[in-house]
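Asks: output the structure for:
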Amino acid sequence: MNRRLNSIALTLTVGLTFFGCNSTADSPTGDTVTETTAAPENFKLIALGDSYTIGQSVCDDCRFPAQLKDSLQARYTELDTFNLEIIAQTGWTTTNLKNAISSAEPPNDFDLATLLIGVNNQYQNRPFELYETEFVELIQTAISLVGGDASKLIVVSIPDYAYTPFGQGSNALNISSQLELYNNYAQTYCTENNLKYVYITDITQQGLTNTALVASDNLHPSTLAYTKFVERILPLALEILE
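Replies: Down below sits the predicted model:
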């Protein structure tokens, strides 16, 4: 039976009264209906990444992991709790993220993990082979943090900053081409290994025609852009937690 979302389990017993339940009532047929309120649950979320995860230039509650947490909370009861841990920093490459996770030593009992990494490998002209190696290592690390259950990991594609005022001044066509290489690699790896992958790059590619998708620094996604990310991530997150 799936975990409930704002529901109350009804247990029908025939001729028996279960002790320790919240309340009981007799049905017209003489059977006893026992109402049992499901115990509150505490979900642990972890988000791994760089500036796109920490939410550079938006408020703490505006970044996509926080919006995801709030969206999940809205679909559960007030008694259920969602705790979010973020390991991310502006400018981090795959190497930086690997080292930070190792230093933080987070537990391995998270219920859901997200991973969004790679833009700074491209921006800092790191060898693509480094990303190929360390992306896979980060995937394995993220899976270990959700108790080894790969189905609890959501990989998010890299936004395309070529479609920002900043990117337009930095060889935009080359940026898009290189990021497509990164995203294609990540998506192929996830497909071949039956991992959840959410493509959000196309949302950020609307940044020049819809400037509301770009933060005030003219580079990073805005609160609205992150909201659109969550619209795509949320169904998979609910599937994981049910």
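
Asks: from now on I want contacts and neighbour counts done on CA atoms only, so please keep to that.
Replies: OK.

Asks: pLDDT at the spatially closest residue to residue 168 that is not a sequence neighbour, what is it?
Replies: Nearest-residue entry for residue 168: residue 162, 5.8 Å, with adjacent residues in sequence omitted and distances by Cα to Cα, 6 or more residues apart in numbering. pLDDT, residue 162: 98.

Asks: and residue 162, how close does it get to residue 100?
Replies: Residue 162 is 27 Å from residue 100, where distance means Cα to Cα, to the nearest Å.

Asks: and the spatially closest residue to residue 42 that is not a sequence neighbour, what's its pLDDT?
Replies: In this structure, residue 42 finds its nearest non-sequential neighbour in residue 81, 4.7 Å apart by Cα to Cα, 6+ apart. Note for residue 81: predicted pLDDT of 97.

Asks: surely residue 81 is in contact with residue 39?
Replies: No: using Cα atoms under 8 Å as the test, residue 81 is too far from residue 39 to be in contact (11.5 Å).

Asks: more neighbours: which of these two?
Replies: Applying other Cα atoms under 10 Å to residue 81 and residue 39 shows that residue 81 carries more neighbours, namely 16 against 9.

Asks: which residues touch that one?
Replies: With contact set as Cα atoms under 8 Å, 6 or more residues apart in numbering, residue 81 has these partners: 40, 41, 42, 43, 73.

Asks: which of the residues you listed are buried?
Replies: Neighbour counting with 16 or more other Cα atoms under 10 Å marks 43, 73 as buried within the contacts of residue 81.

Asks: out of the contacts of residue 81, who's nearest residue 188?
Replies: Residue 188 lies nearest to residue 43 out of those, by Cα to Cα, at 29.5 Å.
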